[in-house]
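S.K.: what shape does this take:
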Amino acid sequence: GAFNVTAGGTGGSITSSAVITMLGGSPATGAASPLAGGNGGGILFNVTNTSGTVTLAAGSSILLDGGSSNGVALAGAGGSVTINTFDQAISVSGSLLARGGSGLAGGTGGIGGQVLANSDNNNDGLGGSITLQTSASIDVSGGAGTLAGGPARNTGMALGFAVNFEAEGGANPSADAGGE
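M.R.: Have a look, this model is predicted:
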């Protein structure tokens, strides 16, 4: 499933201290195997005006884990959190969890999820600050498996980065990513 929160072009910001859970489905105990797990959900916090910010306040919790599998099947992938602004600040104080599901009884763990924060979503090179507060936590690990564990995302995969904070030039990492 998907959950989208938008502050439109005429103004507004997004502030959340909510607990949001969108887990991938798992086969019932005793179900015939092999059955794959479902993928975790996707959340988009999208500000489409030039004055709005996004704040995920202390106590906020987003849980988007993939579902487990049974038998020789692939567990569900972790979900995705995307946070966009037009040149304004993004602040994260809560927990963002989007882990791959567990591959049970001979299965393979699911691919880890993804967290993307882009404060230059209008691509003008003037992105706002992106702050991961000391109270925040992010876990986008691949899931455990009895056959094999699921991978976390990385730059070498077509699936992109596991965590990318981009304050200039859009959601794709710049050539000097990590040095910003």
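S.K.: just checking: what are the partner strands of the lowest-mean-pLDDT helix or strand in the chain?
M.R.: Sorting the helices and strands of the chain by mean pLDDT, DSSP states H and E puts strand 163-166 at the bottom, at a mean of 90. Taking DSSP bridges as the criterion, strand 163-166 forms sheet pairs with strand 114-118 (parallel).
S.K.: ok, residues contacting the strand it pairs with?
M.R.: 78-85, 90, 92, 96, 98, 127, 130, 138, 140, 153, 159-167, 170-171 (CB atoms under 8 Å, 6 or more residues apart in numbering). In short, each C-beta sits where N, CA and C put it, glycine included.
S.K.: cutoff 6 Å now
M.R.: Strand 114-118 is contacted by residues 80-84, 90, 96, 130, 138, 153, 163-166, 171 when judged by CB atoms under 6 Å, 6 or more residues apart in numbering.
S.K.: now the two most distant members of those.
M.R.: Distance extremes for these: the farthest pair is 90 and 153 at 19.9 Å, using CB to CB.
S.K.: which strand or helix spans residue 11?
M.R.: Using DSSP states H and E, residue 11 sits within no helix or strand.
S.K.: surely it touches residue 49?
M.R.: Yes - with contact defined as CB atoms under 6 Å, residue 11 reaches residue 49; the gap is 5.3 Å.
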